[in-house]
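Asks: give me coordinates for this.
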Amino acid sequence: MNGAKQVFVAKGISRIYTMGDVKVHALRNVSFGIETGEYLAIMGPSGSGKSTLMHIMGCLDRPSSGSLYLKGEPIDSLSDAELAEIRNTEIGFVFQSFNLLPNMNILENVELPLLYGGVPAPERLARAKQVLKAVGLQDRLHHRPSEISGGQRQRAAIARALANRPSIVLADEPTGNLDTATGKEIMELFDELNLRGNTIILVTHEREVADHASRIIYIKDGQIEYIEKRVEV
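Replies: As a prediction, the model looks like this:
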């Protein structure tokens, strides 16, 4: 892939869930590479395995077979504690449902991963304010999630994802709960993050969202159906 360093390499990943006597093959022998700094979209119908793939890349799940490499190091055999460390330092997550804690204000929500990471209080506060300013929420620091709009909640979720300065941002249906205009604003924010050097990997079923990416992986029935390389404008 143009000789660029690859942030993720998947080799023959399969994921099987056992539900009673039934085995569900969520992923079947999936292989691919993702370059550092790439903007990648993963598309597929409901139940295709795209979210399972994202959870494995995000160290939230493990493959049943095959290997996943992060920056050249195999991660599927790491301990739970080691995977948690990767999640807290290398990867920022953005979810469709925002996942903000309702009893905390926006500033406290963004500080939370820094608290888990052992960052001292003065630095936590400074970094949280910095990322909230970067997403345009510097005047909403002390509002709770219920007191701001859906678009602002997603911006807060993106700020939280960026608080630990991850190189990789994983976004699962980031515009799914937003109206069209707000969704476009959020996608423009992801475009900016990619231009700043973040590797962006997003799961979506919306073609207009996937069109922001430079490459699209289509998944169907747990397998890669095909990969589309977008033409850069």
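
Asks: and the strands in this structure, which stretches?
Replies: 6-19, 22-35, 39-43, 65-70, 73-74, 91-95, 168-172, 199-204, 215-220, 223-229 (DSSP state E).

Asks: can you say which of those strands is nearest to residue 157?
Replies: strand 91-95 (5.4 Å; Cβ to Cβ). (Glycine included, C-beta is placed from N, CA and C.)

Asks: in a markdown table, list the strands of the chain along with distance to residue 132.
Replies: Output for those, formatted as a markdown table (distance: least, Cβ to Cβ, whole Å):
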| stretch | distance to residue 132 |
| --- | --- |
| strand 6-19 | 26 |
| strand 22-35 | 28 |
| strand 39-43 | 23 |
| strand 65-70 | 28 |
| strand 73-74 | 32 |
| strand 91-95 | 14 |
| strand 168-172 | 16 |
| strand 199-204 | 20 |
| strand 215-220 | 30 |
| strand 223-229 | 35 |
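
Asks: mind putting the ones you listed in a markdown table, mean neighbour count and mean pLDDT included?
Replies: Formatted as a markdown table, the strands of the chain follow (neighbours: other Cβ atoms under 10 Å; pLDDT from 0 to 100):
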| stretch | mean neighbour count | mean pLDDT |
| --- | --- | --- |
| strand 6-19 | 17 | 94 |
| strand 22-35 | 17 | 94 |
| strand 39-43 | 24 | 96 |
| strand 65-70 | 17 | 94 |
| strand 73-74 | 10 | 90 |
| strand 91-95 | 22 | 89 |
| strand 168-172 | 23 | 93 |
| strand 199-204 | 25 | 94 |
| strand 215-220 | 19 | 95 |
| strand 223-229 | 13 | 92 |
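
Asks: how about those, which one is nearest residue 133?
Replies: If we rank the strands of the chain by Cβ to Cβ, the stretch that ends up nearest is strand 91-95, at 16.8 Å.

Asks: and that closest one, which strands flank it?
Replies: Sheet pairing of strand 91-95 (DSSP bridges) gives strand 168-172 (parallel).

Asks: got the CA positions of the strand it pairs with in PDB?
Replies: Output of strand 168-172 as PDB, limited to C-alpha atoms (Å, rounded to 0.1, in the frame of the first residue of the first chain):
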ATOM      1  CA  ILE A 168      -6.700   6.400  15.800                       C
ATOM      2  CA  VAL A 169     -10.300   7.500  16.000                       C
ATOM      3  CA  LEU A 170     -13.000   4.700  15.600                       C
ATOM      4  CA  ALA A 171     -16.500   6.000  15.000                       C
ATOM      5  CA  ASP A 172     -19.500   3.700  14.900                       C
END
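
Asks: state the mean pLDDT of stretch 126-134.
Replies: Averaging pLDDT along stretch 126-134 gives 93.

Asks: list the contacts of that stretch.
Replies: The contact list for stretch 126-134 (Cβ atoms under 8 Å, 6 or more residues apart in numbering) reads 106-107, 110-111, 114, 119, 138, 140-141, 156, 159-160, 162-163, 165.

Asks: now do residue 145, the pLDDT please.
Replies: For residue 145, the pLDDT comes out at 94.

Asks: likewise residue 37?
Replies: For residue 37, the model assigns a pLDDT of 94.

Asks: burial of it, as a residue count?
Replies: Neighbour count of residue 37, defined by other Cβ atoms under 10 Å: 17.

Asks: what of residue 132?
Replies: Residues near residue 132, counting by other Cβ under 10 Å, number 26.

Asks: how close does it get to residue 148?
Replies: 12 Å (Cβ to Cβ, to the nearest Å).

Asks: any common contacting residues for those two?
Replies: By the contact definition Cβ under 8 Å, 6+ apart, residue 132 and residue 148 are jointly contacted by 106, 140, 156.
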